[in-house]
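In: Structure here, sequence nowhere to be found:
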């Protein structure tokens, strides 16, 4: 009894301390710029050498930004300015690494303006002069068939650049795809010191949203809860990269359907006792993102826990998480991981569906795609990309189970965020192991 009362007290204070954990905008900007400087100075030269790229040219115009350049701008730049061109040159033999901006202004503290406008009134001429003087082996540009994140140079910029390159320089143009993905997917040590805070905040907001503090059975609708989540983030000074969803599975003739749960669900579905709730929710903070799905059960009168059949279904989904993440291995492609995990799950009697994705600067981030909910036989292109160390993932999946008393199957849809490095895979800040109960069971109150 004392333990459960203590947990309720801890929940109350942890929820009320959430807002105080969020830095002021000024402090957020300081941290973002520190993280960026570290990435540019320490990480990028390593990635360029590893991917055999000695010059990377990133071009964007204001309000039509390349996804890459948006991760390289200082916190006070909310967009590119006019045309912003960044050049990164790495020559390990000469121990030469340069970060140049062919722009009218320094791009923050890290990238200095390198455009002599009196000598080169035309911005493209200034770029060509830098390329010519350094004579790189490759000129990498952001174009890619399989990854939108690495396909940021638009047609106009690409054609204008090609027109200004000399005949000897044009054959040097290559796709920056692998380098761009490496830049986006690789998490630094300091980022991984920060990431647990984001995920813990996400967990705590879900914990509050899936409680009697927010939900009154018979009155509260799923749409009420969706907008509570949005408002909560706004009040905390946080953002999100997608609109949350809250859906219901219950003892009715309606079978599970992905479209119903994520895009075609009833907007004003009143939550009632016996409902199994599901939320899909994530935050954006310090340019990093979370993506989490969890469940709650609405207790019926006299119930003190979810039905055993639902708890067993939940345990199967937890086991599927373990099966999937046990397949993570450096160099293994997303499609290989998917096939091996599905095969093992089926051998264990689990009915699986896996649709896991990288996580970081974007919610659906760059890196190996490990299934899509409607492509369980593999995903051409992005699914063929190999897994690398120091990368983060949303472990997103579901397991179907028969609920005898409902005379139908349900799907436990889980999503928790994890990290993969040389030591293996770990959930960054834990995962849901038990279904939330609404209302929370109070041990000191009896019938």
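Out: Everything's here; your move. Values in this document were obtained by computation on a predicted structure and should not be read as measured data.
In: which stretches of the chain form helices?
Out: Using DSSP state H, the helices found in the chain span residues 2-16, 18-21, 25-38, 44-50, 67-70, 123-134, 155-164, 177-185, 189-209, 222-236, 258-262, 308-326, 334-347.
In: ok, now how distant is residue 409 from residue 252?
Out: 13 Å (Cβ to Cβ, to the nearest Å). The way it works is simple: take the backbone N, C-alpha and C, and place the C-beta from them, glycine included.
In: Any stretches of the chain with poor pLDDT?
Out: The chain contains residues with pLDDT under 70 at 1-20, 256-267, 443-447.
In: Who has more neighbours out of residue 409 and residue 252?
Out: Applying other Cβ atoms under 10 Å to residue 409 and residue 252 shows that residue 409 carries more neighbours, namely 14 against 11.
In: Touching, residue 287 and residue 362? I think so.
Out: No - the pair residue 287 / residue 362 is not scored as a contact, 9.8 Å apart, by Cβ atoms under 8 Å.
In: Of these two, which one has the most company?
Out: Shown here are residue 287 and residue 362; by other Cβ under 10 Å, residue 362 has more neighbours (21 against 17).
In: what sits against that one?
Out: 67, 149, 184, 241, 289 (Cβ atoms under 8 Å, 6 or more residues apart in numbering).
In: Mind giving me the PyMOL select for these, buried ones only?
Out: Applying 16 or more other Cβ atoms under 10 Å to those, the buried members can be selected in PyMOL as follows:
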select buried, resi 67+149+184+289
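In: okay, the contacts of residue 362 in JSON lines with distance to residue 78 next?
Out: As requested, the contacts of residue 362 are arranged in JSON lines below (distance: Cβ to Cβ, whole Å):
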{"residue": "67", "distance to residue 78": "15"}
{"residue": "149", "distance to residue 78": "19"}
{"residue": "184", "distance to residue 78": "19"}
{"residue": "241", "distance to residue 78": "16"}
{"residue": "289", "distance to residue 78": "18"}
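In: Nearest to residue 177, out of the contacts of residue 362: which one, please.
Out: Nearest to residue 177 among the contacts of residue 362 is residue 149, at 9.3 Å by Cβ to Cβ.
In: Find the nearest non-adjacent residue to that closest one, please.
Out: For residue 149, ignoring the flanking residues on the chain, the nearest one in space by Cβ to Cβ, 6 or more residues apart in numbering is residue 366 at 4.2 Å.
In: Which residues are in contact with that neighbour?
Out: Taking Cβ under 8 Å, 6+ apart, one finds 147, 149-150, 180-181, 184-185, 358, 360 in contact with residue 366.
In: which parts of stretch 245-257 are buried?
Out: By 16+ other Cβ under 10 Å, the buried positions in stretch 245-257 come out as 245-250, 256.
In: Cool, thanks, talk later.
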